[in-house]
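*Asks:* Okay, structure incoming, though there's no sequence with it:
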């Protein structure tokens, strides 16, 4: 994981498109989420969902075994993968055995985390992303910038220009026309593919069922048309019971897009049975750890494993709304990424993400499983400071500030001194705050201090 | 690898208090409209179309008229013989119209529950999809509908809650992206023969 946030932010400030597109999309997602929460007993649902996920996580070993037993009974093949290398080895094995040359993919954040497309390309497999947003990003060779709307950082005009260059459509083509062009290409791909690869929103242990949520139908086709389906499922994605699924499907959709439920939900128990007229002959379910058991062992960070990847915290976040997801430089962006990445990739690699937040708390209020994201951000910040990973200059400055602010006499004297300073002296370049001042206007100090105004009586 | 991962999980949970399952949560609301009317309202809100008929005769009359403008049809394996269309049968990838049968439906989320036993390609590839629904199988909540289908057999179940849609291109809603652009639920108050 590499962080290029400074460079990216500079670009985001200069090119207006990213900011306008991201702000517009997230405000609209967030408004729909609020309306959808208001339509149901959202508080009751959220408390319940938190409870189910907490139960699941504190009994995870048992449910993993139960899920495996059920899946195998359904005819699916279960693979356990500790690391990215394990995942690559397992997928390579399936590809080689089947002689697979063509793959279609449904949107999966876990496949981004595990660099599955890179593996497939290296193995000489033609791989096509089939979610419209992901397909566009594959043409642009960009990673997704949002968990649910991977291409929300792109404007209609940017996509029109891209299709004009890659598919020869008119520069004023309508979204319907652009979708139509994609549909023709991807329809052929679904029917010709040797293998379909997806993630998994949920895996119900009791019945051995992988559940996938979407709107376009590309995941339905990815899991129905090719002869082999491979589902990548993080070990934290389990649900204990079949009766849990209905509420999680509705809560996730309401949190993500404000819909009562995703337009299409695939619930896959296993490969086609003798009674099924079509469907894949092989279904492989990969149970992927890749750092999750480390996060589970962490007495604070483990709460982030309740995440259902709805993206509601991204849409609610005043920082994400300005920057978009690429600024975070990691697969999982936004508030949840800032607390997940340090656990999954290591705090050092994830720096400075825990600091990329104003701690306003909007993320926690939006979260359908009530993850205390601000608390977790503070926890990672404390660890970063303790480990000396944060800027020493900033730590020194804060220490000095604390020393002054906790001594009223000293505070008064320092305030008076600041007022007495002539303007040019206040404008000299300062360490630490330099980056802050680069993009902001200095505040104009008031003529009188608050204490003086208070003494005189505030009008 | 299996044992290694399970061992890591067990070690992680060694000192963690075990939380109980909070029990089943019903999303039913006391003043909800009758399920069939409520389903129609919610399915339409998501862009789906709904027709309701007293019996197979009414549904057949409408269906024959509707199907007249289609050159070919793909029938799901569960479509009752009395409702099969007199239109040339074609494989799902070529058919202009797909006709399926729902296992159940959920009013609150406006969802049709479809089974892989009926044929997944028929449900997905034709641009227009007609789904026959026994009105007696329309449940109030999604939880009730899924409970009824728990042991339905087959490799997979699916929820279809409206036409295929996407807002990935510049946040503009387009329909018929990969799945059918039109989906029509035909509700039959009286179902011909055994329940789907």
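*Replies:* Thanks, I have the structure now. Because the structure is a prediction, the values reported are computed rather than measured. Numbering: from 1, shown residues only, chains lettered A, B, ... in the order given.

*Asks:* Only C-alpha atoms from now on, for both contacts and neighbour counts.
*Replies:* OK.

*Asks:* Please, where are all the strands along the chain?
*Replies:* Defaulting to chain A. Assigned by DSSP state E, the strands in chain A fall at A:77-81, A:102-105, A:126-129, A:195-198, A:202-204, A:209-214, A:228-234, A:238-239, A:264-268, A:282-288.

*Asks:* ah, no, chain B please
*Replies:* B:49-53, B:73-75, B:97-101, B:104-106, B:111-115, B:128-134, B:138-139, B:156-160, B:165-166, B:174-175, B:182-188.

*Asks:* List the strands paired with the fifth one, with their directions.
*Replies:* What that stands for is strand B:111-115. strand B:104-106 (antiparallel), strand B:156-160 (antiparallel) (DSSP bridges).

*Asks:* Pick the most buried one from those strands.
*Replies:* Across those, averaging neighbours per residue (mean count of other Cα atoms under 10 Å in any protein chain shown) puts strand B:104-106 on top, at a mean of 29.

*Asks:* how much space is there between the residue nearest to the spatial centre of chain B and residue B:195?
*Replies:* Centre of chain B computed as the mean C-alpha position; nearest residue by Cα atoms, centre = their mean is residue B:112, 2.5 Å away. Between residue B:112 and residue B:195 the computed distance is 15 Å (Cα to Cα, to the nearest Å).

*Asks:* same thing with residue A:312?
*Replies:* For residue A:312, the distance to residue B:195 - Cα to Cα - is 40 Å.

*Asks:* Please convert the strands paired with strand B:111-115 to CSV, extending it with distance to residue B:121.
*Replies:* Formatted as CSV, the strands paired with strand B:111-115 follow (distance: least, Cα to Cα, whole Å):
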stretch, distance to residue B:121
strand B:104-106, 19
strand B:156-160, 12
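
*Asks:* Measure how buried the closest residue to residue A:125 other than its chain neighbours is and give me the count.
*Replies:* Nearest residue to residue A:125 in three dimensions, chain neighbours excluded: residue A:101, at 4.6 Å (Cα to Cα, 6 or more residues apart in numbering or on different chains). Look at residue A:101: counted by other Cα atoms under 10 Å in any protein chain shown, it has 17 neighbours.

*Asks:* how about residue A:101, phi and psi?
*Replies:* phi -120, psi -20 (degrees, to the nearest 10).

*Asks:* pLDDT wise, what is it at?
*Replies:* Looking at residue A:101, its pLDDT reads 97.

*Asks:* And for residue A:425?
*Replies:* 65.

*Asks:* repeat for residue A:449
*Replies:* Taking residue A:449 on its own, its pLDDT is 79.

*Asks:* again with residue A:5
*Replies:* At residue A:5, the pLDDT recorded in the model is 51.

*Asks:* Pull the contacting residues for residue B:16.
*Replies:* Taking Cα atoms under 8 Å, 6 or more residues apart in numbering or on different chains, we find residue B:16 in contact with residue A:58.

*Asks:* okay, now the closest residue to chain B within the stretch 201-350 of chain A: neighbour count?
*Replies:* Using Cα to the nearest Cα, residue A:297 is the residue of the stretch 201-350 of chain A that sits closest to chain B, at 3.9 Å. Neighbour count of residue A:297, defined by other Cα under 10 Å: 19.

*Asks:* try residue A:27
*Replies:* 16.

*Asks:* if I look at it, how far off is residue A:440?
*Replies:* Counting by Cα to Cα - residue A:27 and residue A:440 are separated by 24 Å.

*Asks:* again, but for residue A:301
*Replies:* 33 Å.

*Asks:* Equivalent analysis for residue B:87, please.
*Replies:* Taken as Cα to Cα, the span from residue B:87 to residue A:440 is 69 Å.

*Asks:* Repeat that for residue B:133.
*Replies:* 61 Å.

*Asks:* More neighbours: which of these two?
*Replies:* Legend: neighbour count by other Cα under 10 Å for residue B:133 and residue A:440, higher for residue B:133 (26 against 9).

*Asks:* just checking, that one touches residue B:111?
*Replies:* No - using Cα atoms under 8 Å, residue B:133 makes no contact with residue B:111, being 11.2 Å away.

*Asks:* quick one on the thing from earlier: isn't the residue of the stretch 201-350 of chain A closest to chain B right next to residue B:12, touching?
*Replies:* Yes - counting by Cα under 8 Å, residue B:12 is a contact partner of residue A:297 at 3.9 Å.

*Asks:* How about the longest helix seen in chain A and chain B, touching?
*Replies:* Looking across chain A with DSSP state H, the single longest helix is helix A:16-38. Yes - using Cα under 8 Å from any Cα of the partner chain, helix A:16-38 reaches chain B at A:21, A:25.

*Asks:* Nearest residue to residue A:114 in space, ignoring adjacent ones along the chain?
*Replies:* residue A:84 (5.4 Å).

*Asks:* just residue A:126 next, same as before
*Replies:* Nearest to residue A:126 is residue A:102, by Cα to Cα, 6+ apart, at 4.8 Å.

*Asks:* which parts of stretch A:17-27 are buried?
*Replies:* Neighbour-count burial for stretch A:17-27, counted by 16 or more other Cα atoms under 10 Å in any protein chain shown, picks out A:17, A:18, A:19, A:20, A:21, A:22, A:23, A:24, A:25, A:26, A:27.

*Asks:* sorry, that was for stretch A:103-115
*Replies:* Buried residues in stretch A:103-115 (16+ other Cα under 10 Å): A:103, A:104, A:105, A:106, A:107, A:108, A:109, A:110, A:111, A:112, A:113, A:114.

*Asks:* what sits up against that stretch?
*Replies:* With Cα under 8 Å, 6+ apart, stretch A:103-115 has contacts from A:84, A:87, A:117, A:125-131, A:134, A:143, A:147, A:189-190, A:193-200, A:218-219, A:222, A:232-234, A:331-332.
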